[in-house]
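Trainee: what's the 3D shape of this:
(6 chains, ligands or ions: 6)
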Amino acid sequence: MALEPGMLLRMKRIDVVVTGESLEHVIKMFKDAQVRGYTVIKEAGGLGSTGERNPEDYILREPNAVIVVACEETQAEKIVKILQPELKRFGGMCLVSDCEWVTGPAVSY
Amino acid sequence: MALEPGMLLRMKRIDVVVTGESLEHVIKMFKDAQVRGYTVIKEAGGLGSTGERNPEDYILREPNAVIVVACEETQAEKIVKILQPELKRFGGMCLVSDCEWVTGPAVSY
Amino acid sequence: MALEPGMLLRMKRIDVVVTGESLEHVIKMFKDAQVRGYTVIKEAGGLGSTGERNPEDYILREPNAVIVVACEETQAEKIVKILQPELKRFGGMCLVSDCEWVTGPAVSY
Amino acid sequence: MSISSLLVPAILFFALGMFACLIKSDLKFPPDMHKMIVIYLLIGIGLHGGKELAGSNMADALPAVWAALAFGCGLPIIAYIILRWLGKIDPLNAAAISAHYGSVSAGTYMTAVAFLAGLGVTYEAYPVIMLAIMESPAIMIGLVLAGYSRRILGGAAKNDKGMMKHLVIDAFTNGSILLLFGAMAIGWMVSEPSYKKIEPFFELIFMGALCIFLCDMGMEAGKRLSEFKSVGVFLVSFGIAMPLIGAAVGLFVGHFLLGYSVGGITLVTVLAASCSYIAVPPAMRLAVPEANPSFYLTLSLGVTFPFNVVVGIPSYYAAAQYLHETYYPWGTVAQVALNQ
Amino acid sequence: MSISSLLVPAILFFALGMFACLIKSDLKFPPDMHKMIVIYLLIGIGLHGGKELAGSNMADALPAVWAALAFGCGLPIIAYIILRWLGKIDPLNAAAISAHYGSVSAGTYMTAVAFLAGLGVTYEAYPVIMLAIMESPAIMIGLVLAGYSRRILGGAAKNDKGMMKHLVIDAFTNGSILLLFGAMAIGWMVSEPSYKKIEPFFELIFMGALCIFLCDMGMEAGKRLSEFKSVGVFLVSFGIAMPLIGAAVGLFVGHFLLGYSVGGITLVTVLAASCSYIAVPPAMRLAVPEANPSFYLTLSLGVTFPFNVVVGIPSYYAAAQYLHETYYPWGTVAQVALNQ
Amino acid sequence: MSISSLLVPAILFFALGMFACLIKSDLKFPPDMHKMIVIYLLIGIGLHGGKELAGSNMADALPAVWAALAFGCGLPIIAYIILRWLGKIDPLNAAAISAHYGSVSAGTYMTAVAFLAGLGVTYEAYPVIMLAIMESPAIMIGLVLAGYSRRILGGAAKNDKGMMKHLVIDAFTNGSILLLFGAMAIGWMVSEPSYKKIEPFFELIFMGALCIFLCDMGMEAGKRLSEFKSVGVFLVSFGIAMPLIGAAVGLFVGHFLLGYSVGGITLVTVLAASCSYIAVPPAMRLAVPEANPSFYLTLSLGVTFPFNVVVGIPSYYAAAQYLHETYYPWGTVAQVALNQ
Ligand SMILES: Nc1ncnc2c1ncn2[C@@H]1O[C@H](COP(=O)(O)O)[C@@H](O)[C@H]1O
Ligand SMILES: Nc1ncnc2c1ncn2[C@@H]1O[C@H](COP(=O)(O)O)[C@@H](O)[C@H]1O
Ligand SMILES: Nc1ncnc2c1ncn2[C@@H]1O[C@H](COP(=O)(O)O)[C@@H](O)[C@H]1O
Ligand code: NA
Ligand code: NA
Ligand code: NA
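Mentor: Ligands and ions are numbered 1, 2, ... in the order given. The predicted model follows:
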């Protein structure tokens, strides 16, 4: 984009979806990996290898949580390395993609 | 990224935003396209060609739903082909982007 | 992807996370930038430079809001230029990434 | 009617809500709380109405049904004419706004019930039927007016048949209306001892729950009120004048045609004077997407609703009292004439 | 028992909910409202039960405890045999479904309480203990049946020990069961004047709140009912036959073994005839992931629950009345024999 | 005061909530339920207080107002000194924590009301005014202490003027305080018959709703309690010692200066001993972002709140009883002296 240099930083974005029960573990692992910022959306639903999950279901009450982390590439590698062995247990999914961080807010990555 | 080969798979990510009423249709179409995993966030709001939508509005109660699918490129093409003709009716938006799936969780794409 | 030309448009996606109180300001700025479409998810939580925020906390009640805008590159530049000076005040984060808009829905970007 | 009798808690809580909005308090009720109280109140009002109806002659209810249909069809047409001729409002916005004034606001109705209860005034069982009936005709007239407007504008006629059918079905499957009718049927069916078991929940604590609802509505009305400017002077005046016109019609019908008591006339007047925020706004959003929702929502919630709650209800009651003491209803007049 | 006495508001509201679902109304209660009412109802039923128990001999409660354990263990085994032999249902689905029928539905139980209250019929204090107890054994038997099924299927035996331990803990820390037991303990402990202070909230308005709960459950049942086809004729028939078998067992135990009054027999029968949607479904989802949740949820909520609420409860009551008037309970027989 | 009289349902439900948290039950009340009950309880306590005040001389309320202001300003300073000198807590955390102890916890206050109601003890109308007043001065003193701390630390002085203004406005537009004051005004205004209409909702079922609130708070307190270790021994001891200091001040003021009855002294003591979780925590989060929220939240909710609810209230009541029976209040002493 035609913006002043330094306005955008090349970074990685990690999107994790896990079941509500695993959320705490995942966050703990992020903190272990010295993650300094993440965003969590609870009460998500979805379909996956373990079937459908619906946070509004009266009986099974099965919410998923979406966690988004924006961080530098080296940090992303670290996170993926720490998280990956546990993903089998957690289920869900973990995506990594490219993004650019617009500088301005206090650094929290 | 400097990770072991096989840890990351190149995949596509599809983000769909539609009105709450169309959600069921969209999910049905995903299932018709043999999608094996998606994540849904309900109670979103937004602005679009049909004006503002606010899930908390007392009277109009107009929630949007966000649906995210991570899948292989061929699958993504299939989904887009099936979905695209209907998007006109559904409104909202449908985005496709690149991402990498961190291997580990049971395959649900 | 191997789809008919014109089915996909190269566009930018902007993801903003701010505190619930700043949401209104951010939306006002988007409107000032002639944004014609955005999606908002309220009641998100997270960690950032100002500590943890949890929308379910009984006492501090601190929701974050996630705002997603899909738009053309020139529009994205305009938005970033308008938003960037204010981000310091808002805190949170603002990410820009590439995506492809699947044509079909009424144009709202 | 002393001033202190006007200090009905329900109305004071409405004022508190508006005040909270005015001073930009961070007070905010959870959206689900609003939905829950609405569900509760609709069931309560329906059950009570059904119970009352069970004790009265169903044939006597017919005039109320006719009146409801007449209000639902007639008032929107009056509103449309005023909006178009006096206000030069564009046809589609006029159509959408008009539809709202043919219908009723359950919140206003319940406030009126609380007001009468506070004064110890009784009322007929029939107005609650009108409450349930009036949504649907107003929606249909709104659609007809929109179709007419589109023809004026010379645009391609939309497939109104399909939309009409869709909206008629919607009007009958609308959750709020269904709850109201369903609760009415249940109140009508159940035996006295059975009803006694659920009465504490649906009647005893009703008035208190209504206060919380109105506090919430006060905040909502306050929020809409602040969009005042974008709506313009004419429309705001219309939002006060139209309920007065509706009230005049309602007073006339309630007293002269239906021959109700003071309480009954007051409720009929409130029905005619109030404007919908149950089924009509979403229906118009769907059927007349060209209309600007902020117009009809600001008018309905920000202007007419608070006007009715704060100023209207006591005035309508006073007018009903005056009418009742001064003139005989026509039925009586006719009967007296016949008997002579 | 005239027809009008069957028109219990709670049941009518259940029917209203199903009707709303049938005509595809957009009526929808907020999910949190459901959770809140469930919390309220469980506490209410627990407190009331605890209060009643405080006034009765705890030793007399023991037979009810044994009966609950027997139901929880015996009924799933009966269900499993029927599903496997008559229905040729695959072992793991059979195990998961069976577990549900060893447990109880608090909603059905409360509807039965409302039904008896509507008729003015009294009942013993003990069935509520059974309600709280029956979840856990059913889960464990479900796990045993699943283990057995896996062995039949020749699959690698899962580490059932760990799972068993996990589920036993889950069954006791399950929120709903904890609330029920906790409220029971509190109702049992507090003094009469203290209880009086909270009685209006937990008892006076209980029946009305139950109506809203059942209206919501009616919508939920209607939604599940529509998945009917995917479940198949055999399973749907099973969903009606199994409560009848449970009811027969319950009637027998309630009358002959426990020697309860008509009201008490009815409640015991409802416990035996109903099937869980509190703790068992999530436990089976976890313990038998191979089973299809839509099978047991459709059966539990879409078939057995409405059957019990609409047809079952009045029939069980009639049968209890008949038994009570016709036969002596065994305890009495034995005593009479001894006395002679 | 027998043990059984201590088994107030509200406190037992608090214990149930803590127990649920302790055994790691999956019991969880919807967050909106919490907000709704808080709204309901604040309105209820406000209305009731306003009604009581309407019957009493407003001039008699003044001493309560002075006492509230004195508590709000004095207690934080005491707390700050203890934290800094005894505990060597860093200045900004000390300031933030201190502010909480100048304010009150509505939950503790309501539990005390339930406790007194359970014993049938009456109390004055004035403490509820103190409840509404005490939030604001504590916030301002907190800000002053933070400014002082920043100067000690030698950091750049923040623009405290602006912040002060902002927070003062916040304190008065704070939703909870507004509800409390608003409901008080409404309770004070409405006529007796009007009040009767809403009394069942706001008073009759109040104590039961409070139980659900306290069960929820018990879970919350339990969760915070588990963060115990991160807070350290000194702070935890402070969380128990500070309410005792506050209680001593409260007892003194309630008995000797205000000359209230046993019930009134108990409430004043509870106000002085309790610590805020209404308006102070968010204000401190904003005004003293350098302070660690988990310190003041753990202390306020995890230590002081449960201590007051379970141990404090009965003790304060016993102490009030003792004082009342043993010493004359100063007003009386003075009057007696004058009369002689
Ligand atoms: N391919 C996918 N795309 C999007 N979300 C997914 C995908 N696979 C799994 N998920 C999410 O992860 C949750 C758990 O997945 P699983 O453990 O595979 O059942 C699902 O309920 C979805 O919300
Ligand atoms: N350009 C956009 N960026 C983000 N979200 C959009 C965009 N356009 C539409 N949406 C979302 O899609 C919903 C429906 O759009 P529409 O059908 O255009 O009114 C909106 O309420 C937004 O939530
Ligand atoms: N690196 C990050 N990745 C994801 N979300 C972030 C990140 N940094 C900040 N946020 C979000 O922005 C909110 C406010 O951030 P802050 O102003 O830095 O405290 C946080 O609560 C997060 O939800
Ligand atoms: Na009207
Ligand atoms: Na059973
Ligand atoms: Na204090």
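Trainee: And what about the one residue in the stretch 1-150 of chain D that gets nearest to ligand 3, helix, strand or coil?
Mentor: Nearest residue of the stretch 1-150 of chain D to ligand 3, counting by CB to the nearest ligand atom: D:Asp26, 19.1 Å away. All C-beta atoms are positioned from the backbone trio N, CA, C, and that covers glycine. Secondary structure for D:Asp26, judged by DSSP: H, G, I helix; E, B strand; the rest coil, is coil.
Trainee: Spell out which parts of chain A neighbour chain C.
Mentor: A:1-3, A:7-8, A:11, A:13, A:35-43, A:68, A:70, A:97-109 (CB under 8 Å from any CB of the partner chain).
Trainee: Filter these down to the buried ones.
Mentor: A:7-8, A:11, A:13, A:35-43, A:68, A:70, A:97-102, A:104-105, A:108-109 (16 or more other CB atoms under 10 Å in any protein chain shown).
Trainee: What about D:Ala319, how many residues nearby?
Mentor: 19 (other CB atoms under 10 Å in any protein chain shown).
Trainee: Which residues are in contact with the closest residue in space to it that isn't next to it in sequence?
Mentor: Nearest residue to D:Ala319, sequence neighbours excluded (CB to CB, 6 or more residues apart in numbering or on different chains): D:Leu251, at 5.6 Å. For D:Leu251, the contacting residues are D:265, D:268-269, D:316, D:319-320, D:323, by CB atoms under 8 Å, 6 or more residues apart in numbering or on different chains.
Trainee: Sitting in helices, which of those residues do you find?
Mentor: D:265, D:268-269, D:316, D:319-320, D:323 (DSSP state H).
Trainee: Help me confirm that A:Pro85 comes into contact with B:Gly104.
Mentor: Yes: with contact taken as CB atoms under 8 Å, A:Pro85 and B:Gly104 are classed as touching, separated by 7.2 Å.
Trainee: and the residue lying closest to D:Gly259 once chain neighbours are set aside, how many residues sit next to it?
Mentor: Nearest residue to D:Gly259, sequence neighbours excluded (CB to CB, 6+ apart): D:Pro329, at 3.6 Å. For D:Pro329, the tally of surrounding residues (other CB under 10 Å) stands at 18.
Trainee: could you show me where the helices are in the stretch 51-200 of chain D, in order?
Mentor: D:62-81, D:91-102, D:106-119, D:127-133, D:135-152, D:160-173, D:175-189, D:192-199 (DSSP state H, counting those that start in this stretch).
Trainee: Among those helices, single out whichever gets nearest to ligand 1.
Mentor: Once the helices of the stretch 51-200 of chain D are compared by CB to the nearest ligand atom, helix D:175-189 is nearest, at 28.7 Å.
Trainee: what about chain D, any weak spots by pLDDT?
Mentor: Scanning chain D for pLDDT under 70 picks out D:1-6, D:155-162, D:330-340.
Trainee: In it, which residue is most central in space?
Mentor: The centroid of chain D falls nearest to D:Val104 when counting by CA atoms, centre = their mean (2.2 Å).
Trainee: What are the neighbouring residues in contact with it?
Mentor: D:130-131, D:134-135, D:270-271, D:274-276, D:278 are the contacts of D:Val104 under CB under 8 Å, 6+ apart.
Trainee: List the buried residues for stretch A:76-96?
Mentor: Applying 16+ other CB under 10 Å to stretch A:76-96 flags A:76-81, A:83-84, A:86-87, A:90-96 as buried.
Trainee: Now intersect those residues with the strands, please.
Mentor: Using DSSP state E, the subset of the buried residues of stretch A:76-96 located in strands is A:93-96.
Trainee: so which of the residues you listed comes closest to E:Arg150?
Mentor: E:Arg150 lies nearest to A:Met93 out of those, by CB to CB, at 28.5 Å.
Trainee: Quick check: that closest one vs chain F, distance?
Mentor: With distances taken as CB to the nearest CB, to the nearest Å, A:Met93 is found 25 Å from chain F.
Trainee: wait, doesn't that residue sit right on B:Gly104?
Mentor: No: A:Met93 is not in contact with B:Gly104 according to CB under 8 Å; the separation is 9.1 Å.
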